[in-house]
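> got a predicted structure here, sequence first:
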Number of protein chains: 2
Amino acid sequence: MFFAVIPAGGSGTRLWPLSRAGHPKFLHPLTGTPSSLLQATVERLGPLTTPDHTIVVTGAAHVAAVARQLVEVPEENILVEPTPRDSCAAIALAAAIIAEREPAALMGSFAADHLIGDPQRWVETVRRAIVGAQQGLLMTIGIKPTRPETGYGYLQFGEPVGDGPVHRVEEFKEKPPAAVAETYLRSGHHLWNASMFVWRTDVFLAELARQQPELHAGLTRIARAWDSRERDEVLHEVWPTLPKISVDYAVMEGAAAAGRVGTVPGDFGWNDVGDFHTLGDVLPGDQAGNVVVTGESAETKPVVLLHDTEGLVVVPQSGRLVAALGVRDLVVVDTPDALMICPRERAQDVKKLVDTLKQRGDEKYV
Amino acid sequence: MFFAVIPAGGSGTRLWPLSRAGHPKFLHPLTGTPSSLLQATVERLGPLTTPDHTIVVTGAAHVAAVARQLVEVPEENILVEPTPRDSCAAIALAAAIIAEREPAALMGSFAADHLIGDPQRWVETVRRAIVGAQQGLLMTIGIKPTRPETGYGYLQFGEPVGDGPVHRVEEFKEKPPAAVAETYLRSGHHLWNASMFVWRTDVFLAELARQQPELHAGLTRIARAWDSRERDEVLHEVWPTLPKISVDYAVMEGAAAAGRVGTVPGDFGWNDVGDFHTLGDVLPGDQAGNVVVTGESAETKPVVLLHDTEGLVVVPQSGRLVAALGVRDLVVVDTPDALMICPRERAQDVKKLVDTLKQRGDEKYV
C-alpha cells in the first residue's frame, strides 16, 4: 500500500493579506472550488491511497484547522512539528514513522499548497514514478517547462532507465538566470523541480543515514518513541537539535550525484500558486479575463461589481461589496481586517508589504 | 443681522461608497480636518453671523445627524423638508420663514458640501456681496474660472454698478461645451456659478412672487403656519404640490434678464467636492502626491501602508488596514460594507456603479 505524505507548512507571504502566519495558503480555497488547497491535495490522492495511509505534517498552530478540513484523515496521521525545521525534517519524520509500521513501504511526498490542473494525468504520472521507486530509485516528478522560468529549480535528466518512462536525474540545478533558463527550456533534458517525491522508505532512510547521519539518528529516536509515552519528551529533546535543511539539498542532490535519483516527466497543469498573478493565470475568469477567487462558505458569499475592468484578480473574502471601475490587471484582496491592491506584475513584491508591517510592529496583520 | 441659510441636500453619488443616501457627502469629514463639510460651512460663517441666525434646510433622513454635528445651531433653525423638492423650495422656505421674523432681513445661501480654501477671503467677498444686496440686488458670488470647466454653469457679467466691486449679471449660462468654455475662460466676463447667493428676503420673495407665483403662495402659507400648531398639516398639504425646480432656473435667470442680479467675483479656492479626483486635488498629499482622506474619530483611526505609489486618493473609513503597492492615480475608498477602486480620471463615473447597484436591487449599498 502506498503512503501519501503531505508537508503542510509555509505561510505564503506573497499571498498576503489572504495568507497569514496563523492561516496560511494551504488552508484557503484557492482552487476554483470550495476545497482548500490542502483538501484538493487529499482529494487528488483518492485513486492512489486511502485516508488511513495519508499523513500530514504540519505546525502546532495549524493542527486544529488541518484536522477540521480533513475529517477523513485519522488524528494519529496528523503529525505535529514542534517548530518548523524545513522540509527534510518534516518528510523524514513521516518516513521514519511509516518505516516503524512497514519498513519497505512506498511513500510519496506532495506539497499541500500546489494546484494540479489535470488530476487524472497527475495520478498516472505518480503511478509511473511508483514503478521507478519499486526498482529502488528515489523518484522525483519533474514538470515539463513551458517558459524560461527563473523562479524554480530544475532537474537535469539523462537517458531512460531500461525501456520505461523513468529517466535518471543527473543533477539538481539552482534557480537559473534568464539566459540559462532559456537553454534549459530548449534542451529537452530539463524539468522543473516541483519537490514531488516517490520512494521506498527504506531506500530514502538509508540515503538519509548516509548523507545526514545526525538527522537520521534523531528522527529514528523520535519515530521509535512516537507510539509510546515518551513521544513528547523525546520530540521536545531531539527536534530542536535537527538541522534546518530542505530535502532537496540534504538528500536529493547527493543521491543524484550517486546515480540514485530517477524522474518521470509530468505534464498535468502544475502550479505552485506562488502569488496572486499566478493564481489569476490558473483559475477561470470572465470574458474580460477578470478572475474572482471565491470558495468561502455561503455566509461570506462575495458581492462583486466590476464595471469596465480587465484582467483583475479579485479575492473577496470579507463579505463586503467589492466594486471596481475602469481598472485593469490589478490584484484586489479584501479580507476582514486588511485590504491589498497592487498591479498583477508586482504580485511578487507583496512580500515587501509583509516585511514592512513586521518592521513597523504591525504583527497583527501578518 | 445677516441670516445664513445652508441647504443640506443631495446624496453625492459620485462620492460613493463614502457618500450614501442615508449619510450623504455633507456629513463627512472631507475637509482635511475632523470637521465635516457641513461643520466647516458653519465654522466659515463665524465672522458673518451667529448660530442663532444660521438656518439649515435638510431632509427628514438627515435631521438627527445634522442636529448632532451642529450642536450650537438651535433646533428650530433646522428646517425639515418632507421630501426633496430641489433648491428653490428649500431656499425659499428659509427665506419665507426669515421674512416672518424680519421682513427685510439680509440672507445668504451657501451649500453645505463645498470646500473653501481661503475662508478669510471668502468672508471678505460675502461682505462685498452684502453691500450689493443692501442696494436691492439679488447677489450671486461668481468664481473666477481657472480652467475651461464644462461641468459648471457660468455667469456672464457686464459693467460695474457704480464704482463698487459689484457687476450686473447679464445672463446665466448653461454648462458649456469645451470650445465655449475656452472662450468664457478668456473673455474676462464669465464666472463659475457656485450657487452662492446673498439678498434681502423681501427682494427675493418679490421676485419669486413675480416669476413663480405658485411656489411663492405655497411657501408663504407654510411660513405663516410654521410657528403654529398647523405647521405639519399645512406642510404636508402644500409641500408635495410645490414645483421641483432649482433656484437658478426658477428665479435667478429671469431676474438677471430683468437687470436685478449682481455679482462680485470670488477667488478663494472654491471646490464643490464633486468627486474623489477633485477631492484629491484640493487636499494636501505626501511627497508622491498620495492623499489620505482621514478625519474620522480616533476609534476608526486609519492604518494605511503605501509602498511605491503615486497620486492615490485613499479614503480609509473602515478602520481596516489599506495596503497599496506599485499603483498610481487610483481612488481607493474603503468603508465597512463596501470597497471601491477606480482610476482618478474615471472618478466621475462612480455614479454608474450606484446606478448599477440600484438596477441590481442592491439598495442596501446605495
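Yep, that arrived.
> distance check, the nearest residue in space to A:Q348 that is not next to it in sequence against A:S19.
Nearest residue to A:Q348 in three dimensions, chain neighbours excluded: A:D275, at 5.5 Å (Cβ to Cβ, 6 or more residues apart in numbering or on different chains). For every residue, glycine as well, the C-beta is placed using N, CA and C. For A:D275, the distance to A:S19 (Cβ to Cβ, to the nearest Å) stands at 10 Å.
> quick check: which element contains the most centrally placed residue in chain A?
Centroid-nearest residue in chain A, with Cα atoms, centre = their mean: A:A111, separated by 2.7 Å. Secondary structure assignment for A:A111, by DSSP states H and E: no helix or strand.
> contact partners for it?
Shown in contact with A:A111 (Cβ atoms under 8 Å, 6 or more residues apart in numbering or on different chains): A:I6, A:P7, A:T41, A:A194, A:S195, A:M196, A:D272.
> how about the residues of the stretch 201-350 of chain A by chain B?
For the stretch 201-350 of chain A, the residues in contact with chain B under the definition Cβ under 8 Å from any Cβ of the partner chain are A:303, A:305, A:307-308, A:320-327, A:330, A:332, A:334, A:336-343, A:345-346, A:349-350.
> looking at these, which are in strands?
Helix and strand membership here follows DSSP state E; of these, those in strands are A:303, A:305, A:307, A:321-325, A:330, A:332, A:334, A:338-343.
> quick one: low-confidence ranges for chain A?
Low-confidence regions of chain A, defined by pLDDT under 70, span residues A:295-302.
> in the stretch 1-150 of chain A, which spans are helices?
Defined through DSSP state H, counting those that start in this stretch, the helices belonging to the stretch 1-150 of chain A, from first to last, are A:37-44, A:63-69, A:86-101, A:119-134.
> which parts of stretch A:169-187 are buried?
A:V169, A:E170, A:F172, A:K173, A:P176, A:V180, A:A181, A:Y184, A:L185 (16 or more other Cβ atoms under 10 Å in any protein chain shown).
> before we move on, what about stretch A:60-68?
So, applying 16+ other Cβ under 10 Å, buried residues of stretch A:60-68: A:H62, A:V63, A:A65, A:V66.
> mind picking the two most distant members of those?
By the measure Cβ to Cβ, the buried residues of stretch A:60-68 have their two most distant members at A:V63 and A:A65, which lie 7.5 Å apart.
> what is the end-to-end distance of stretch A:49-58?
Using Cα to Cα, to the nearest Å, the end-to-end distance of stretch A:49-58 comes out at 20 Å.
> show residues contacting that stretch.
With contact meaning Cβ under 8 Å, 6+ apart, stretch A:49-58 is reached by A:1-9, A:38, A:42, A:45, A:66, A:70, A:72-74, A:77-81, A:90-91, A:93-94, A:97-98, A:112.
> out of these, who's near chain B?
Answer for the contacts of stretch A:49-58 near chain B: none qualify (Cβ under 8 Å from any Cβ).
> are any of those residues buried, and if so which?
Burial by neighbour count, judged by 16+ other Cβ under 10 Å, picks out A:2-9, A:38, A:42, A:45, A:66, A:70, A:73, A:77-79, A:81, A:90-91, A:93-94, A:97-98, A:112 from the contacts of stretch A:49-58.
> what about the residue lying closest to A:V303 once chain neighbours are set aside, how many neighbours?
Spatially, and ignoring its direct neighbours in sequence, A:V303 is nearest to A:L321 (4.5 Å; Cβ to Cβ, 6+ apart). For A:L321, the neighbour count with other Cβ atoms under 10 Å in any protein chain shown is 22.
> pick out the residue in the stretch 151-300 of chain A sitting closest to chain B.
For the stretch 151-300 of chain A and chain B, the shortest gap (Cβ to the nearest Cβ) falls at A:F276, measuring 11.1 Å.
> mind listing what's buried along the longest strand seen in chain A?
Identified as the longest strand of chain A according to DSSP E is strand A:190-200. Of the residues in strand A:190-200, those scored as buried under the neighbour-count criterion (16+ other Cβ under 10 Å) are A:H190, A:L191, A:W192, A:N193, A:A194, A:S195, A:M196, A:F197, A:V198, A:W199, A:R200.
> ok, stretch A:44-52 next?
Buried residues in stretch A:44-52, counting neighbours by 16+ other Cβ under 10 Å, are found at A:R44, A:L45, A:L48, A:T49, A:P51.
> from chain B, how far off is A:Q120?
Shown here: A:Q120 relative to chain B, a distance of 38 Å by Cβ to the nearest Cβ, to the nearest Å.
> again, but for A:I130
Taking Cβ to the nearest Cβ, one finds A:I130 at 44 Å from chain B.
> now do that residue: how many residues are near it, please.
Using other Cβ under 10 Å as the criterion, the residues surrounding A:I130 number 20.
> and A:G108, by the same measure?
Applying the criterion other Cβ under 10 Å, we find 22 residues in the vicinity of A:G108.
> wait, it sits on A:R200?
No. With the criterion set as Cβ atoms under 8 Å, A:G108 and A:R200 do not qualify as a contacting pair; they are 10.9 Å apart.
> who's the closest residue to A:I78 other than its chain neighbours bridged to?
Beyond its immediate neighbours in the sequence, the residue positioned closest to A:I78 (Cβ to Cβ, 6+ apart) is A:V56, lying 5.1 Å away. For A:V56, the beta-bridge assignment (DSSP bridges) gives partners A:I6, A:I78.
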